[in-house]
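Enquirer: Got a sequence here, can you model it:
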Amino acid sequence: MPDDQVALIRRAQRGDAAACAALYDEHYDAVYRYCYYRVGDTDLAQDLAAEVFVRMVEKLDIYQVRGRPLLAWLYTIARNLVVDTHRANGRMMHISLDQAEPAVDGNAMPVDQVARRLEAECLAAAMARLTEDQRQVILGKFVEGRTNAQMGALLNKTEGAIKSLQHRALAALRRALEIERCYEV
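Expert: Next up, the predicted model:
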């Protein structure tokens, strides 16, 4: 973890509101996306992301810098909140990559819009068949554009393990797409 990041965390731990705000600004988008991909509702994802940062502020005094990014800890908080939410609602949902930023194409024919929606639903079902680590690698690498080193730090794995996990995740996604009969692969 870079020294400036450690210094920012230390300032936030001492109660520096500007440092807490800087951590929020730096990590909010990633935490929101993480929540959104798992709950599929914009408002709920915003609420969960906000709760992650409330808990960060409440528990920051016990957070220990151990070389892993703060974002890894925030993802853990978010995962726990998402699991609690799914338990309360009695269902689990994962959003496909296509649904993350829905494109509005006023020129698209209705049949094209239906086809895209069906593909998105199929991809969501296929992604739900993956393990949490596999989903995180696919989302982190292909949606958020993170490097193997960054993913390794977030998942507490080596770069080699991330490459292997990515390979297995893509193979598992292909098999899941075949099972869901999304595509002729």
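Enquirer: Let's test this: name the helix or strand in this protein with the lowest mean pLDDT.
Expert: helix 97-100 (a mean of 46; mean pLDDT, DSSP states H and E).
Enquirer: With only the CA atoms kept, save the longest helix seen in the chain in PDB.
Expert: When the chain is parsed with DSSP state H, its longest helix is helix 17-39. C-alpha atoms of helix 17-39 as PDB (Å, rounded to 0.1, in the frame of the first residue of the first chain):
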ATOM      1  CA  ALA A  17     -13.100  14.500   8.600                       C
ATOM      2  CA  ALA A  18     -11.300  15.600   5.400                       C
ATOM      3  CA  ALA A  19      -9.400  12.300   5.300                       C
ATOM      4  CA  CYS A  20     -12.600  10.300   5.800                       C
ATOM      5  CA  ALA A  21     -14.200  12.300   2.900                       C
ATOM      6  CA  ALA A  22     -11.100  11.600   0.700                       C
ATOM      7  CA  LEU A  23     -11.400   7.900   1.400                       C
ATOM      8  CA  TYR A  24     -15.100   8.000   0.600                       C
ATOM      9  CA  ASP A  25     -14.500   9.900  -2.600                       C
ATOM     10  CA  GLU A  26     -11.800   7.500  -3.600                       C
ATOM     11  CA  HIS A  27     -13.700   4.300  -3.000                       C
ATOM     12  CA  TYR A  28     -17.400   5.100  -3.300                       C
ATOM     13  CA  ASP A  29     -17.800   4.100  -7.000                       C
ATOM     14  CA  ALA A  30     -16.100   0.700  -6.500                       C
ATOM     15  CA  VAL A  31     -18.200  -0.100  -3.400                       C
ATOM     16  CA  TYR A  32     -21.400   1.100  -5.100                       C
ATOM     17  CA  ARG A  33     -20.700  -1.100  -8.200                       C
ATOM     18  CA  TYR A  34     -20.000  -4.100  -6.000                       C
ATOM     19  CA  CYS A  35     -23.300  -3.700  -4.200                       C
ATOM     20  CA  TYR A  36     -25.200  -3.000  -7.400                       C
ATOM     21  CA  TYR A  37     -24.000  -6.100  -9.200                       C
ATOM     22  CA  ARG A  38     -25.200  -8.100  -6.300                       C
ATOM     23  CA  VAL A  39     -28.600  -6.500  -5.500                       C
END
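Enquirer: List of residues touching it?
Expert: When contacts are defined by Cβ atoms under 8 Å, 6 or more residues apart in numbering, helix 17-39 is touched by residues 8-9, 11-12, 42, 44-46, 48-49, 52-53, 56-57, 60, 70-71, 74-75, 78-79, 81-82, 85-86, 93-95, 100, 135, 139, 143-144. Just so you know, the C-beta spots here come from the backbone N, C-alpha and C atoms, and that holds for glycine as well.
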